[in-house]
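J.: here are the coordinates; sequence isn't available:
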Ligand code: AMP
């Protein structure tokens, strides 16, 4: 069932809570693919009722990013969700979520601002304010849906870590469930933004997973020095790739690593054909 208003979702949730149902939430920006579906299937298998939010959140986009051209496929998303047994697809307008004037700053809106230590690195460095927008919308969704469980992908590992931190720091009564990255057979991590890639760019985009896998192999062969591991990436990069970052950080608290260990996650962001792609890998997986 597609619902577009907060009041209707609230009314339905109230009924479910009366019945004692366990409620799961899968927050998405739509243009659903098998990556999203893995979260949805996990939610369906562990909760009585599942809400998928399908909302391109304007306040998590920075100036000059792809807010206007971000893929929107609501009709197909709803069909896919309904055929898989999702109970509610919640797709509010920006006005429904934020009032008449979509706020671009925190001048008029209460924001949830995650700690500087967690945002001043990786994607947060180039996407200033992005995680404020993410935490604000996720917190709003938690308040609207009041889920027992919420499902997030390791594809956006920095986001997942920041959301876990927010839930802990603000005592939000929800359990965060992390779900592994779903990839194409080629190794490319599924992403709604892959739709922007030409066939040629898609081949070039394999550079991200190739660099990560190679680093993992080197680590498993005994190399732990991060500087040496980073250098292995240069064998893969050419002028079609615009590397933004390649960083090694603790998988739980994002502390930067000089020596890799089993709890190290390697994070990469790279533009291919003008499309910004991200990926990551845990070294002991
Ligand atoms: P998005 O619609 O891109 O905001 O993603 C919604 C949720 O789906 C986030 O928790 C993402 O981490 C997750 N997700 C996106 N792509 C993948 C993937 N390839 N594998 C696993 N989870 C994913």
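T.: Alright, I've got the coordinates. Being a predicted model, the structure only gives us computed values, none of them experimental.

J.: The closest residue to the ligand within the stretch 151-285 of the chain: how many residues sit nearby?
T.: For the stretch 151-285 of the chain, the residue closest to the ligand is residue 153, as judged by Cβ to the nearest ligand atom, at 2.2 Å. To be clear about C-beta, it is placed using only N, CA and C from the backbone, and glycine gets the same treatment. Residue 153 has 22 neighbouring residues, counting by other Cβ atoms under 10 Å.

J.: Flag every residue of this protein that's near the ligand.
T.: Residues of the chain lying near the ligand by Cβ under 6 Å from any ligand atom: 28-29, 35-36, 38-39, 152-153, 155-156, 179, 181-182, 189-192.

J.: residues of the helix or strand residue 216 falls within that come out buried?
T.: Assigning secondary structure by DSSP states H and E places residue 216 in helix 207-220. The neighbour-count check on helix 207-220 (16 or more other Cβ atoms under 10 Å) flags 207, 208, 209, 210, 211, 212, 215, 216, 218, 219 as buried.

J.: ok, so of these, who is nearest residue 92?
T.: residue 208 (32.5 Å; Cβ to Cβ).

J.: returning to what we had before: leaving aside the residues next to it on the chain, what's closest to the residue of the stretch 151-285 of the chain closest to the ligand?
T.: residue 179 (5.2 Å; Cβ to Cβ, 6 or more residues apart in numbering).

J.: What's the local residue count around that neighbour?
T.: 20.

J.: you'd agree it is up against residue 151?
T.: Yes: counting by Cβ atoms under 8 Å, residue 151 is a contact partner of residue 179 at 5.9 Å.

J.: shared neighbours of these two, anything?
T.: Here residue 179 and residue 151 share the contacting residues 39, 42, scored by Cβ atoms under 8 Å, 6 or more residues apart in numbering.

J.: Checking the residue most central in space within the chain next. Helix, strand or coil?
T.: A centroid search over the chain (Cα atoms, centre = their mean) returns residue 156, at 3.8 Å, as the residue closest to the centre. Under DSSP: H, G, I helix; E, B strand; the rest coil, the three-state class of residue 156 is helix.

J.: Is it correct that it is in contact with residue 278?
T.: Yes: between residue 156 and residue 278 there is a contact under Cβ under 8 Å: 7.4 Å.

J.: what ranges do the helices span in the stretch 101-250 of the chain?
T.: 116-119, 123-126, 130-145, 157-169, 199-204, 207-220, 226-231 (DSSP state H, counting those that start in this stretch).

J.: For those, state which one has the densest average packing.
T.: When these are scored by mean count of other Cβ atoms under 10 Å, the highest mean neighbour count falls to helix 130-145 (a mean of 21).
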